[in-house]
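>>> Show me how the following folds:
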Amino acid sequence: MSLQNGTSNAEQLQAMITSTTVTVYPAMVPFNVVLLPPAHFHQASGGNVFIHEAPETKALGDAFTASGMPCTLHSDMRGVLYSKLVLNLNNSVNAISGKPLRTELMTYVKFMKAKQMTH
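Down below sits the predicted model:
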């Protein structure tokens, strides 16, 4: 399974594996992870882990969920991965504006609600 950001990592890894019995499935982690000293990984935001839906991935998805990390098996990982890419492309806008993503998205939601009320 490939949990790395990107839209074609699983395919690239699959091409490097010479075994015909190993399948690399795409997955997506929607949250930020921060390394804190000395060796602590902190989940800085939330969301479900998405894993390609296949018979071989069901047990892993169940294990994620049982451990307290919500997991969604999804048949269209390409759409999920590109959605994450679009969201990540927005990081520069957040850095320049000094606004966290949540603030920016809530501003947009408020704008759209106000727009609907005027029509």
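>>> which stretches of the protein aren't confidently modelled?
Counting by pLDDT under 70, the chain shows no low-confidence range.
>>> can you give me the strands in it?
27-28, 33-36, 40-43, 49-52, 71-74 (DSSP state E).
>>> How about the residue nearest the centre of the chain: what's its closest non-neighbour residue?
The centroid of the chain falls nearest to P30 when counting by Cα atoms, centre = their mean (3.0 Å). Using Cβ to Cβ, 6 or more residues apart in numbering and skipping residues adjacent in sequence, the residue nearest P30 is G47, 3.4 Å away. Where C-beta positions appear, they are placed from N, C-alpha and C, glycine not excepted.
>>> What is the neighbour count of H52?
Neighbours of H52 under the rule other Cβ atoms under 10 Å: 24.
>>> what about the residue nearest to it when sequence neighbours are not counted, neighbour count?
Of all residues not flanking H52 in the chain, Y25 sits nearest, at 4.0 Å (Cβ to Cβ, 6+ apart). By the criterion of other Cβ under 10 Å, Y25 has 17 neighbours.
>>> wouldn't Y25 be in contact with E53 here?
No - applying Cβ atoms under 8 Å, one finds Y25 not in contact with E53, separated by 9.0 Å.
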